[in-house]
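> Output the structure for:
(4 chains)
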4 protein chains.
Amino acid sequence: MAPVVEFRPERSEYAYTFGGVAPVARVVPGTVLKLWSEDAFNFALQSVSDLSSAEVDLRYVNPQTGPFYVEGAEPGDTLVVHIVDLTPARDWGVSAAIPFFGGLTSTGSTAMLQDALPDTTWIYHLDRARSVVTFDARFGDLSIDLPVEPMLGTIGVAPAAHEVRTSLVPERFGGNMDSPEVRAGTTVYLGVNVEGALFSLGDGHYRQGEGESCGTAVEGAMDSTIIVDLIKGGAPAWPRLESDSHWMAVGSARPLEDSWRIGNVEMVRWLEELFGLHSMDAYQLLSQVSLAPIANVVDANYSVVVKAPKAILPAASAYGGIHADLRARARGLA
Amino acid sequence: MAPVVEFRPERSEYAYTFGGVAPVARVVPGTVLKLWSEDAFNFALQSVSDLSSAEVDLRYVNPQTGPFYVEGAEPGDTLVVHIVDLTPARDWGVSAAIPFFGGLTSTGSTAMLQDALPDTTWIYHLDRARSVVTFDARFGDLSIDLPVEPMLGTIGVAPAAHEVRTSLVPERFGGNMDSPEVRAGTTVYLGVNVEGALFSLGDGHYRQGEGESCGTAVEGAMDSTIIVDLIKGGAPAWPRLESDSHWMAVGSARPLEDSWRIGNVEMVRWLEELFGLHSMDAYQLLSQVSLAPIANVVDANYSVVVKAPKAILPAASAYGGIHADLRARARGLA
Amino acid sequence: MAPVVEFRPERSEYAYTFGGVAPVARVVPGTVLKLWSEDAFNFALQSVSDLSSAEVDLRYVNPQTGPFYVEGAEPGDTLVVHIVDLTPARDWGVSAAIPFFGGLTSTGSTAMLQDALPDTTWIYHLDRARSVVTFDARFGDLSIDLPVEPMLGTIGVAPAAHEVRTSLVPERFGGNMDSPEVRAGTTVYLGVNVEGALFSLGDGHYRQGEGESCGTAVEGAMDSTIIVDLIKGGAPAWPRLESDSHWMAVGSARPLEDSWRIGNVEMVRWLEELFGLHSMDAYQLLSQVSLAPIANVVDANYSVVVKAPKAILPAASAYGGIHADLRARARGLA
Amino acid sequence: MAPVVEFRPERSEYAYTFGGVAPVARVVPGTVLKLWSEDAFNFALQSVSDLSSAEVDLRYVNPQTGPFYVEGAEPGDTLVVHIVDLTPARDWGVSAAIPFFGGLTSTGSTAMLQDALPDTTWIYHLDRARSVVTFDARFGDLSIDLPVEPMLGTIGVAPAAHEVRTSLVPERFGGNMDSPEVRAGTTVYLGVNVEGALFSLGDGHYRQGEGESCGTAVEGAMDSTIIVDLIKGGAPAWPRLESDSHWMAVGSARPLEDSWRIGNVEMVRWLEELFGLHSMDAYQLLSQVSLAPIANVVDANYSVVVKAPKAILPAASAYGGIHADLRARARGLA
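As a prediction, the model looks like this:
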């Protein structure tokens, strides 16, 4: 029977960085974690009259639930996080166009002299029965029900080389990748950089478009059920994801073509391993089968997911078939 | 009864640029065009022993079938191209890792000092009955059947401002976007820049991954059936695509984030038009519903498709509902 | 005695593209050309009340004087243009912040949703005696005299591969590089792509900062005296410049790091040739001696100049010592 | 009489991050610091037969001397560091082409599939009498004496938002900017993010080209004499530099155009302050007077310096004229 740990942080217990924070608990590989996470705005925006410029401190967003010290995890190991279930923990989500933050505005680094876009907040009401959140136009009357598709914006471990990065950053250690692929049924493989891995998650999204254009999703508190496991050795250079349908790698960098290049090289390496291919053959095969959805173009680094569909590739298993095993364990929890 | 024009160019009749070439024919709006196009390599690679460095002249790739002068088309109008059917015209396709061309190698503009990757050619045999092309590893024994999913790499009109661009370039005028979305069932909307629009197509792909990582798809000669039509005025700033399932815009630029930004702004404008939304509401809505697959990161400009799914948006029609009409006309051709 | 050709175009005689235009004259190598060029705005902005949004058509800017057909020039040859003298042809210059054009604003390709910066025009009066142009603040009272430092924004030949590019574009063929290094005393080496080279120039600047931040320099009509010459063969891959003090190469691309990479690789190749160095030694040497001023971050491509100072390098001569010879010929014209 | 603190770290006392390290000493504003710093390779490369792949651990490069806790420094203040003197502390420097590190090679983030460039080390002998270092070709016989022009590659404070960054990173906090402008006679202004500022320096270069093309300069141990001072409040958003001849700002980001944009916006803000200009007038003025040398295109972020020459601008003083005062104090130390 797998150990189960439940954890709902007090407000003072959130982390705002990957690395640099003491663990909230120690868990053994195989533990089922039932975690509550606050929304990305740290509960600062609760109505459309709450504006980001007044209420949001960008040093304290994406509050992280964790970090957790995974017993036995050492640098070079592979932390395995299987997402069993994501359920919205409130009956509403919120999105905002934060001044000088987002994809279609100048920012602190894509620096320009133009005025900011209007500081605007949108509240999305959640209808659990119909599993929709409702977009209500702020400058008109249109309302549109959109399917709830829960995902986690941030999931990661402590960085290498003694770095500490804010929970706004996606990088080799995972972090704020903002990929819709990080949803129930997905297994995330992360290279371990420090003893105990120091894993955390947060930034729940009730739904999000690819790219997260305005900089924020339908942000909401989330109840996450995950299984944490450990593979000794085998650390991928960049985050890898596995679902029943796809092999995936996530690159995070700037400019966006570098994110894509990283994801592609990581997938070339994975295809080499999975199928015993020469790198040129893996490169060629990937060129004809890859999907390449953009995850975010708004964070400290931009993220691209490079995917290879299992259905058209030969059967293979990675990391000793742990994804299938975790899927079975997850079903056992229901 | 719609006029039907069939055209298979002689080798001397191909165009290698958008703009700068006299039309091969004049057609009225509504014409059904049945077009044969040569493969992207201009038939220079016919076996794995044909190498790009010896056989391929990058000034003469992506041979274009056309251009066609569309009667009545004037600058500011919208050329409408509906893709009825794409059928491989040969029983094999070909892909290659051209030295210093592609996504995971230095190139003439991402210039570095490293040696080129091995000049390598892959031949894909087509099995029409099973609708697959077969990947055969060049440095090992693996063979994998991959579904045929025909698309056109290049489709475009003459550029604005008297420019002439090679058929390697994607830009506002369309061109070498290398998007898998340009397939049967899709309607392409292109702004007209010169009288007659001077439309052409080519670069058929039997299949291609998103990003076209190695720089080339499963390239092959193609039989294309399309309907060309014309909307007076209404020229989109950048190419728009419509399928039964999605509204789409394609941005092509460098760096890749600019391609994404262009596609997003064009989609914001389109959502404003379709649903009467304020730009901030369109920006917010798009942020939560968009798909953003990368099309290519290997051409003279990189391309990103930004998509909004019709199924979760209110019913709407663009350009007087011409897509639905073209779908009906296409069915009438069968 | 060198032939001398004077040419002042009529308004109808300007070219707005590199390539695609018939030559205005044929000249033999060694010809001295005395050329008048209109300002970049095509004389549309003559006072601070003339605004770009009303008066400037971006399809007709940077009017080019030329092109000139250079007898004997063939693809693969090196066109040599020595700039003898640049003298302002009017007593005032003009600069403008064109809406959605420039370095600190969103643009058509770095597309965002923000409002444009204020459409603003500045007139700079020229004092020939003191050789200064005067900056007069538009939103205050400050006036500052700035030294006149004449340069040419555009200088180039017809592109390769049958392309035609607007005079807003810098590329392998030269064009709108907007480098302050293109001034009196500099020799420009350009690879020839078409018979006759089809050389033109324009876009005179009475002075310009590196980067051309707002998108326009102190733009003004210019009297240019140049000597055109020809080296058979030896075409550089990208424009090279030589002054009495520096070896230089100009890269033009996007993103800006690619411009820099191009300029560096071209300089590595040139150092290999000049000093018989292995590429790794040339790379190392360049790393310790290069200057790398940005030329523009506002045009269709961004440009970077990579420079190696002659004073700290061994004596060497390029292209048979033609720069020294041209300097001597230029002195003979005085 | 200013307090003087001398510090030569033991090997165990170096820092490899900005932030996250306890101060080695507390100093009062006005202190003269005489600091010894190890070379960027941590003394791992001492002959041409020492190769980076074997000897260099990229987690432990750019060893920092410090950090120093500056009494009274609080977030929002401006740390002022005046560089009095930089003197090579050894009779040789070293440079290397580290595999997959540098500007003309693929890297971990500009990820490609090509083989690495040859792992190569160059030793530069220093002749103090003639003040030159000698480049000796590794693949040929050429030797070239190059002037010694000492500078510091890294100078910075602890980052904001609880981050800890390696000494390979340039950012808002300064860090590994690799700008030749950080030399004797220059005053560096850095925004303070944490109490005490936690200032450190290292990565001495006996000389370096702009861009640091191969990734490393002529690296060497350095004796630095600096004066540390403090302005309450007034923290610049990005590092500002002042010399007798120039006002400067340094932007560090990716892609390189963002570094340039940041530097430009910071200089627009500074010109507004110095001359009471409207932002549009400051933008225009900067456009015509700026110099924009690239500092590095090889580090975790790329850096550009944007400079305005004092000689052609009206007289002005920043931060209460502290630069002139520091120059006087520095002369008093001689």
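
> Please identify the buried residues of stretch A:217-232?
By 16 or more other C-beta atoms under 10 Å in any protein chain shown, the buried positions in stretch A:217-232 come out as A:217-231. C-beta: built from backbone N, CA, C; applies to glycine.

> Just name the closest of those residues to chain C, please.
A:A217 (18.3 Å; C-beta to the nearest C-beta).

> Tell me the residues of the stretch 1-150 of chain A that contact chain C?
A:L104, A:T105, A:S106, A:T110, A:A111, A:M112, A:L113, A:Q114, A:D115, A:A116, A:L117 (C-beta under 8 Å from any C-beta of the partner chain).

> circling back to that earlier point, so which two of the buried residues of stretch A:217-232 are the farthest from each other?
Spatially, the most separated pair among the buried residues of stretch A:217-232 is A:V218 and A:I231, at 33.5 Å (C-beta to C-beta).

> quick revisit: filter the residues of the stretch 1-150 of chain A next to chain C to the buried ones?
Buried among the residues of the stretch 1-150 of chain A next to chain C (16+ other C-beta under 10 Å): A:L104, A:T105, A:S106, A:T110, A:A111, A:M112, A:L113, A:Q114, A:L117.

> TSV for these, including pLDDT and secondary structure?
Shown next, in TSV, are these (pLDDT from 0 to 100; DSSP: H, G, I helix; E, B strand; the rest coil):
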residue	pLDDT	secondary structure
A:L104	98	coil
A:T105	98	coil
A:S106	98	coil
A:T110	98	coil
A:A111	98	coil
A:M112	98	coil
A:L113	98	coil
A:Q114	98	coil
A:L117	98	coil
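
> So which of the residues you listed reach chain B?
A:L104, A:L117.

> Now for the buried ones among the residues of the stretch 1-150 of chain A next to chain C: which two are most distant?
A:L104 and A:L113 (16.5 Å).

> hmm, back to that, take the buried residues of stretch A:217-232 and keep only those in strands.
A:V218, A:E219, A:M222, A:D223, A:S224, A:T225, A:I226, A:I227, A:V228, A:D229, A:L230, A:I231 (DSSP state E).

> circling back: turn the residues of the stretch 1-150 of chain A next to chain C into a markdown table, including distance to A:H278.
As requested, the residues of the stretch 1-150 of chain A next to chain C are exported to a markdown table (distance: C-beta to C-beta, whole Å):
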| residue | distance to A:H278 |
| --- | --- |
| A:L104 | 42 |
| A:T105 | 45 |
| A:S106 | 45 |
| A:T110 | 40 |
| A:A111 | 44 |
| A:M112 | 46 |
| A:L113 | 51 |
| A:Q114 | 50 |
| A:D115 | 54 |
| A:A116 | 51 |
| A:L117 | 49 |
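
> the strands in the stretch 151-300 of chain A, which residues?
All strands of the stretch 151-300 of chain A, identified by DSSP state E, counting those that start in this stretch, fall at A:151-156, A:165-166, A:170-171, A:174-175, A:187-191, A:199-207, A:218-219, A:222-231, A:240-242, A:246-253, A:294-296.

> now those as CSV including mean pLDDT?
Shown next, in CSV, are the strands of the stretch 151-300 of chain A (pLDDT from 0 to 100):
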stretch, mean pLDDT
strand A:151-156, 98
strand A:165-166, 98
strand A:170-171, 98
strand A:174-175, 98
strand A:187-191, 98
strand A:199-207, 98
strand A:218-219, 98
strand A:222-231, 98
strand A:240-242, 98
strand A:246-253, 98
strand A:294-296, 98
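
> Please consider this matter closed, and thank you.
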